[in-house]
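Engineer: Make a model of this:
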Amino acid sequence: MAKSQAQFEAAQKRAQAAQRQQMISILVVAGAAILVFGVLIFFINRTAGGTVTRGKYDGLSRTTTSDGYPIIGDPAAKILIAEFSDFGCPYCLQYKATIDDLITRQVRTGNAALVFIPQNFHDHSEDATRAALCAEKQGKFWEMHDELFAIQSTLGTFGFNATNLRAKAQALNLDTNAWLNCFASQQDKLTTDRAYALFGKVKAEGTPTLMWSKDGGETWYFFSNGGQLLTSGGPPAEIVYQTIADVYSGKL
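Structural biologist: As a prediction, this is how the structure comes out:
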């Protein structure tokens, strides 16, 4: 009888141990599933929205030129800087850090204004440009600008598809129906045609290219390095900032 009782207690302990092990296994599997789900949500958010630094452009004046090019910064600034850029251009993506610094250090301080002149030399860039110009209709060009370069950085130009672009519009809280109607209508083709014509007129040689003007865009000049005109590739930040300083000091 004592032996049977001992066997019963041993069996009961084994059963309890098995139950504990089963519970641990369930918790481990559940934890792994939660982790995978979290990573999945992170990458969905990374590609579909949420990549803009919130408040980055708050308080900055936003206008457009008569040709429809978006401008950010004080219209009264002594120097207007033009960026000829392409959302599908890998060099433009690399140069974006310089543009971000320019906006922080020169545009936000009122020293300069920046105008974006879109080019469509790369695959699917036309759709990306249209997405950005349609976002401009609702005051969100620069936020969409950042989202589009985020797509290029993670998915390449094939990421400029209808699903991803619409997701970006939704992430920016745009009126999606109005944005879709604008996107489908291609109503900004005249703006992109004029942007391409201006690129040829000033004899720019690639994207990104920066130019500057003291008369609101009537006359454009290339930045230069020791007398060498920088007609493509994007000038280093120090050259841009020195040019701005020279305009304000009267040297240029």
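Engineer: contacts and neighbour counts: CA atoms only from here.
Structural biologist: OK.
Engineer: the strands in the chain, which residues?
Structural biologist: 62-64, 70-72, 79-85, 112-118, 209-213, 221-222, 224-225, 228-229 (DSSP state E).
Engineer: how much space between Asp100 and Asn225?
Structural biologist: Relative to Asn225, Asp100 is positioned 21 Å away (C-alpha to C-alpha, to the nearest Å).
Engineer: nope, Ala76 is what I was after
Structural biologist: From Ala76 to Asn225 the distance is 27 Å (C-alpha to C-alpha).
Engineer: Equivalent analysis for Ala204, please.
Structural biologist: Where Asn225 is concerned, Ala204 sits at a distance of 16 Å (C-alpha to C-alpha).
Engineer: repeat for Glu238
Structural biologist: Counting by C-alpha to C-alpha, the gap from Glu238 to Asn225 is 10 Å.
Engineer: just Gln106 next, same as before
Structural biologist: Taking C-alpha to C-alpha, one finds Gln106 at 20 Å from Asn225.
Engineer: Give me the more crowded residue out of these two.
Structural biologist: Gln106 (19 against 12; other C-alpha atoms under 10 Å).
Engineer: Tell me the bridge partners for the nearest residue to the more buried one once chain neighbours are set aside.
Structural biologist: Leaving aside its chain neighbours, Gln106 sits nearest to Ala112 (5.6 Å; criterion: C-alpha to C-alpha, 6 or more residues apart in numbering). Beta bridges link Ala112 to Ile79, judged by DSSP bridges.
Engineer: how deep is Ala112 tucked in, by neighbour count?
Structural biologist: 24.
Engineer: I figured it hits Ile72, correct?
Structural biologist: No. Counting by C-alpha atoms under 8 Å, Ile72 is not a contact partner of Ala112; they are 9.1 Å apart.
Engineer: Now do the same contact list for Thr191.
Structural biologist: Under the criterion of C-alpha atoms under 8 Å, 6 or more residues apart in numbering, the contact list for Thr191 reads Asp67, Gly68, Tyr69.
Engineer: Report the buried members of those residues.
Structural biologist: Gly68, Tyr69 (16 or more other C-alpha atoms under 10 Å).
Engineer: and of the contacts of Thr191, the nearest to Ile244?
Structural biologist: Tyr69 (21.4 Å; C-alpha to C-alpha).
Engineer: For that closest one, give its distance to Pro208.
Structural biologist: For Tyr69, the distance to Pro208 - C-alpha to C-alpha - is 16 Å.
Engineer: before we move on, what about Asp246?
Structural biologist: Distance of Asp246 to Pro208, given as C-alpha to C-alpha: 23 Å.
Engineer: and the two? which has more neighbours close in?
Structural biologist: Between Asp246 and Pro208, counting by other C-alpha under 10 Å, Pro208 is the more crowded of the two (26 against 12).
Engineer: which ones are touching the more buried one?
Structural biologist: Counted by C-alpha under 8 Å, 6+ apart, Pro208 has contacts Glu83, Phe84, Ser85, Asp86, Tyr91, Cys92, Tyr95, Ser232, Gly233, Gly234.
Engineer: same question, Tyr69
Structural biologist: Val115, Phe116, Ile117, Pro118, Thr191.
Engineer: Mind putting these into CSV with pLDDT and distance to Thr154?
Structural biologist: CSV is the format used below for these (pLDDT from 0 to 100; distance: C-alpha to C-alpha, whole Å):
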residue, pLDDT, distance to Thr154
Val115, 98, 26
Phe116, 98, 22
Ile117, 98, 24
Pro118, 98, 21
Thr191, 97, 28
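Engineer: Where neighbours are concerned, which of the residues you listed has the most?
Structural biologist: So for the contacts of Tyr69 (other C-alpha under 10 Å), the most neighbours sit at Pro118, 29 neighbours.
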